[in-house]
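> from the sequence below, what's the structure:
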Amino acid sequence: MKNIFYLIVLAVMMSLPGWGQNNIILFGKGPPPLSYTTGTKKSGARLNYYNFFLRLPNKGVAELQIVYPEGMGGIFQEDSIEVIDSLTGKQIPIKEIKIDREGQGVRILFAEVIPGNKQTLEIRVTGINNPRNSGVYELVVQALGTEASPLFQTLGRWLVDIN
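Modelled structure (predicted):
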């Protein structure tokens, strides 16, 4: 009887990572999951697009940083990223985009500070190639405020599923 109980517990524990792939955190705290859309989730697909959605904090934002895993390094290009105000549909002017291939991050510096009013943004990345390996890729987004000593604040994460 005791062995059957342990087998059931083991079976349940082995199935938990499958639930976690649907933007659900079962144990502990982590950055909240954010939504995104894509043209295709097929591995190795070419000329694909992603629309990443996020809500800004209740403070002015001068910069966004996206930290991505090693397998997604080639998808970001400076000329293929734009940021849209989801409420108005207008493009937000970008001063500079810095892609750090070694540090696995993208920094988007805005031409003007975005006011802190819980605004919803859409980051559009177009003309990119999906990673060749299937799996779940976690991209974390952080915002840099305009305080006297600003620190990055984690806003959430996108769990990109590649088949």
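> which residues does N130 contact?
T40, K41, K42, S43, G44, A45, R46, N48, I75, I162 (CB atoms under 8 Å, 6 or more residues apart in numbering). Every C-beta, even on glycine, is put in place using the N, C-alpha and C of the backbone.
> recalculate using a threshold of 7 Å.
Contacts for N130 (CB atoms under 7 Å, 6 or more residues apart in numbering) come out as K42, S43, G44, A45, N48, I162.
> how near is it to V160?
As judged by CB to CB, to the nearest Å, N130 and V160 stand 9 Å apart.
> for G156, the count of nearby residues, please.
By other CB atoms under 10 Å, the residues close to G156 number 19.
> can you tell me which of the contacts of N130 are in strands?
Among the contacts of N130, the residues falling in strands (DSSP state E) are N48, I162.
> now list the buried members of the contacts of N130.
A45, N48, I162 (16 or more other CB atoms under 10 Å).
> was I right to think P131 contacts M72?
Yes: counting by CB atoms under 7 Å, P131 touches M72, with 5.6 Å between them.
> list residues touching both of the two?
Common contacts of P131 and M72 (CB under 7 Å, 6+ apart): Y137.
> give me the nearest residue to I128, chain neighbours excluded.
I75 (4.2 Å; CB to CB, 6 or more residues apart in numbering).
> and if you look at F152?
In space, F152 is closest to Q142, 4.0 Å off (CB to CB, 6+ apart).
> K118 too?
K118 sits nearest to N58 (CB to CB, 6+ apart), 5.7 Å away.
> for the one you found, identify the helix or strand it belongs to.
Per DSSP states H and E: N58 is located in neither a helix nor a strand.
> where does pLDDT dip in the protein?
By pLDDT under 70, the weakly predicted segments of the chain are 1-3, 5-30, 73-74.
> hmm, L56 and G156 touching each other?
No: taking contacts as CB under 7 Å, G156 lies outside contact range of L56: 10.8 Å.
> so what's D85 bridging to?
Counting by DSSP bridges, D85 is bridged to L121.
> I'd assumed I92 was in contact with it.
Yes: using CB under 7 Å, D85 is in contact with I92, at 5.9 Å.
> more neighbours: which of those two?
Shown here are D85 and I92; by other CB under 10 Å, I92 has more neighbours (18 against 14).
> contact partners for the more buried one?
Applying CB under 7 Å, 6+ apart, the residues contacting I92 are V83, I84, D85, F110, I114.
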